[in-house]
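[1] Generate coordinates for the sequence data below:
(one chain, ligands or ions: 1)
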Amino acid sequence: MSSEPEHLQRLRTRMVEQQIMRRGITNRRVLEAMTRVPRHEFLPGNTAEDAYEDGAVAIGHGQTCSQPYVVAYMSSWCDPHPGERVLELGTGSGYQAAVLAEICGEVITIERVEALAESARKRLDRLGYENVTVLCRDGYGGYPEAAPYDIILLTAAAPKIPPPLFRQLSDNGRLIAPVGPGPQRVTRYTKQFGSIHRENGLDVRFVPFVSEHFGDDRT
Ligand code: SAH
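    Next up is the predicted model:
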């Protein structure tokens, strides 16, 4: 974004250096992507200074866009590579989708609140993210039509991972989610030769993943 005022680029560089690199995130692709994505464009109603603050930001409808450090942490746990295909559940503002779209080949992102899906779609279009598709629905079932995915990312906290999502993960695919109704923990599931390996990470606080399908074991 060469036409962008210099002070916004400065705020963003400072965000990456002080909030993210200093806390130990080293994934070069993620650091570069977060230096490029204009976070303030995703957070209307907030000042640019607020957008680059070290915290989550309200985006309406009771939802939030995560703290920059948490976006960086989740993104680097995804270990994104050029050309990979991503499914995100919980579009919100579209910011996390844009960060992964800077790196990967294609991002499909699902949001259940229609007003949020619509504004994220318009915003991502306007900013030129042609490799992102926003769908409006309950993301519990994932999106089998375009499976498998190298990366599946939940940006809302689920008490358990919806089973259809594991089926839509490619071999060597990574599924990252905040798990737990009470204390939540970022959890990474990696599929290798058909079996799932699980790792626990950072303690976090996300808004809940809301679905009427929880408890339905047939899915
Ligand atoms: N990734 C977003 C922040 C997500 S906040 C960003 O970068 O701004 C969590 C989002 O998940 C909310 O917008 C919420 O409406 C959505 N959500 C919750 N349950 C969902 C479900 N079952 N399917 C799809 N989206 C869901």
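[2] Residue 214 touches residue 159, doesn't it?
    Yes. Residue 214 is within contact range of residue 159, at 6.5 Å (criterion: C-beta atoms under 8 Å). In this view, the C-beta of every residue, glycine as well, is placed from N, C-alpha and C.
[3] Just the buried residues of stretch 134-148, please?
    Within stretch 134-148, the residues that qualify as buried are 134, 135, 136, 139, 140, 141, 142, 143, 147, counting by 16 or more other C-beta atoms under 10 Å.
[4] from these, which two are the most distant?
    In the buried residues of stretch 134-148, two members sit farther apart than any others by C-beta to C-beta. They are 136 and 147, at 18.8 Å.
[5] Using CSV, please lay out the buried residues of stretch 134-148 together with pLDDT.
    Written out in CSV, the entries for the buried residues of stretch 134-148 read as follows (pLDDT from 0 to 100):
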residue, pLDDT
134, 98
135, 98
136, 98
139, 98
140, 98
141, 98
142, 98
143, 98
147, 98
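[6] now, among those, which is nearest to the ligand?
    Closest approach to the ligand among the buried residues of stretch 134-148 (C-beta to the nearest ligand atom): residue 139, at 3.3 Å.
[7] give me every residue that touches the closest one.
    Residue 139 is in contact with 89, 90, 110, 111, 112, 154, 209, 211, counting by C-beta atoms under 8 Å, 6 or more residues apart in numbering.
[8] Mind checking which of these land in helices?
    Where these are compared with helices, as defined by DSSP state H, there is no overlap at all.
[9] Most neighbours of all the residues you listed, which one?
    Per-residue neighbour counts (other C-beta atoms under 10 Å) across the contacts of residue 139 peak at residue 111, which has 30 neighbours.
[10] residues in contact with that residue?
    Residue 111 touches 90, 91, 92, 117, 120, 134, 135, 136, 139, counting by C-beta under 8 Å, 6+ apart.
[11] if I look at it, how far off is residue 88?
    Note on residue 111: its distance to residue 88, by C-beta to C-beta, to the nearest Å, is 9 Å.
[12] so when I look at residue 93, I'm seeing a helix, right?
    No. Residue 93: not assigned to a helix; according to DSSP: H, G, I helix; E, B strand; the rest coil it is coil.
[13] Can you tell me the element the closest residue to residue 26 other than its chain neighbours falls in?
    The spatial neighbour of residue 26 that comes closest, neighbours along the chain excluded (C-beta to C-beta, 6 or more residues apart in numbering), is residue 76 at 7.7 Å. When elements are assigned from DSSP states H and E, residue 76 belongs to helix 68-78.
[14] Which positions in that helix come out as buried?
    Of the residues in helix 68-78, 68, 69, 70, 71, 72, 73, 74, 75, 76, 77, 78 count as buried by neighbour count, 16+ other C-beta under 10 Å.
[15] and which of the residues you listed is nearest the ligand?
    Set against the ligand, the nearest of those by C-beta to the nearest ligand atom is residue 71 (6.7 Å).
[16] who's in contact with that closest one?
    Residue 71 makes contact with 34, 95, 96, 99, according to C-beta under 8 Å, 6+ apart.
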